[in-house]
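Trainee: Predicted model and sequence follow; I will ask about them next.
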Amino acid sequence: MTFDRDGQSKITAFRLLYNKVESVCQPKDELAGRHALSPRAKPALVVIGALLSMPLGFAFAATQVTGQQEDLQITAQNASIREIIEALSAKFNLAYKLPPTISGNLAGHYSGSLGRVLARILDGNDYILEILDSRVTVVVFGV
């Protein structure tokens, strides 16, 4: 499981707040095992409640590539086009150039030849795809 930097920061902030609230709890009745919160703990609880109600912004992205260049399968879960192209580059002899502004996350199962799968992934973008023997080159210009 991977977390982006913002998600990791929010987890760290949550842990710090939780430790702060835990430290200001004072035993009220040790025999009964009950605890009372000091007045300092109430603002911390409000902040924790607000943090818990916000989406943490985790980016669970995954791309799995299996098969050969003529018959491959890609399973993408909230993966960016860049992440999918990078996964294809790692698996095949694929060189690519992407604009920094390329965006969009994909989820689904893509299967077929490398050229056909790339056409589906890059749908809506202007690109050049060159396949020579086992060498593949993709240049994406953008939308």
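Mentor: Received it, and whenever you're ready, just let me know what you need.
Trainee: only C-alpha atoms for contact and neighbour calcs from this point on.
Mentor: Will do.
Trainee: Could I get the phi/psi values of the closest residue to residue 102 other than its chain neighbours?
Mentor: Computed as CA to CA, 6 or more residues apart in numbering, the closest residue to residue 102 that is not its neighbour in sequence is residue 142, at 6.2 Å. Per-residue torsions, residue 142: phi 120, psi -170 (degrees, to the nearest 10).
Trainee: confidence score at residue 142?
Mentor: With respect to pLDDT, residue 142 scores 79.
Trainee: try residue 90
Mentor: Looking at residue 90, its pLDDT reads 93.
Trainee: give me the number of residues near it?
Mentor: For residue 90, the neighbour count with other CA atoms under 10 Å is 12.
Trainee: right, and the helix or strand after the helix or strand harbouring it?
Mentor: Assigned by DSSP states H and E, residue 90 belongs to helix 81-91. Moving toward the C-terminus from helix 81-91, the next helix or strand (DSSP H and E) is strand 94-97.
Trainee: quick one: buried residues of that next one?
Mentor: Using 16 or more other CA atoms under 10 Å as the test for burial, strand 94-97 gives 94, 95, 96.
Trainee: repeat for stretch 96-110
Mentor: Buried residues in stretch 96-110, counted by 16+ other CA under 10 Å: 96, 106, 110.
Trainee: This completes my enquiry, with thanks.
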